[in-house]
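**Q** fold the following, please.
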Amino acid sequence: MDDDEYRVLYERLAPKVRRYAARQVSPDRAKDVVVETFEVVWAKRAGAPADPDSAAAWAFGIAKNKVRQAVQERTRKHHDHRFVDDRHQLASDRDDVQVSVVEHERAMWIHGQLTTRDRQLFDLVFVRGLDRVTAARLLGITAGTLATRVSRLRARLTALGARFDADS
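**A** I've put the predicted structure just below:
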């Protein structure tokens, strides 16, 4: 698949993928599903079917998997996604702007204390919400090693949060 074929596929399918995803997840998450879908399509474009209709079906299959993962993230309390779910809940419970500002400052301070490796792990698992297998593959480690690193990162985040609170 060349750049023009990718562009045509994106223009043809992105609105359909977004509508499909929005029926099952939030509108914001549906936008993310579109981005994630076409990131995978781009990464695997060399193996895409040559026929445009087959390529569309192939890409939509990827989209269905991304929607399924998004739904699982929202409903499952797996330990890799607990922080993401808790953070979204806190964000939706906030009514006071001052609390938001303080929480933002706290989060920025904590993030600034992390090592480069921990920031990368934080981004993949907590911000982007990648599943363990995908995140591990991107980091070049096993899923078990990733689980251990996530557990250690959670402990560091908790300790840094307590340190920030004590210093404030």
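
**Q** please tell me how far the residue positioned nearest the centre of the chain sits from residue 36.
**A** Of all residues in the chain, the one closest to the mean position by C-alpha atoms, centre = their mean is residue 128, 2.2 Å from it. Applying C-beta to C-beta, to the nearest Å, the value for residue 128 to residue 36 is 8 Å. The C-beta positions use only the backbone N, C-alpha and C, and glycine is treated the same way.

**Q** before we move on, what about residue 156?
**A** Distance, residue 156 to residue 36, by C-beta to C-beta: 27 Å.

**Q** which one's more surrounded, the two?
**A** residue 36 (24 against 16; other C-beta atoms under 10 Å).

**Q** secondary structure element for the residue lying closest to that one once chain neighbours are set aside, which one?
**A** Nearest non-adjacent residue to residue 36, counting by C-beta to C-beta, 6 or more residues apart in numbering: residue 66, 5.0 Å away. Using DSSP states H and E, residue 66 sits within helix 52-75.

**Q** show me what that helix is packed against.
**A** Here helix 52-75 touches helix 3-22, helix 27-43, helix 82-93, going by 3 or more C-beta pairs under 8 Å, 6 or more residues apart in numbering; DSSP states H and E.

**Q** make it 6 Å
**A** Contact partners of helix 52-75 among helices and strands, from 3 or more C-beta pairs under 6 Å, 6 or more residues apart in numbering; DSSP states H and E: helix 3-22, helix 27-43.

**Q** out of those helices, deepest packed?
**A** helix 27-43 (a mean of 17; mean count of other C-beta atoms under 10 Å).

**Q** what's the closest of the helices and strands packed on helix 52-75 to residue 51?
**A** Across those, residue 51 has its closest neighbour in helix 3-22 (10.7 Å, C-beta to C-beta).

**Q** show residues contacting the closest one.
**A** Helix 3-22 has contacts (C-beta atoms under 6 Å, 6 or more residues apart in numbering) with 30, 33, 34, 37, 38, 55, 56, 59, 63, 67.

**Q** go with 10 Å
**A** Contacts with helix 3-22, where a contact means C-beta atoms under 10 Å, 6 or more residues apart in numbering, come from 1-2, 27-38, 41-42, 45, 48, 50, 52, 55-60, 62-64, 66-67, 70-71.

**Q** how far does it sit from its chain's centre?
**A** 19 Å (C-alpha atoms, centre = their mean, to the nearest Å).

**Q** nothing else from me, thank you.
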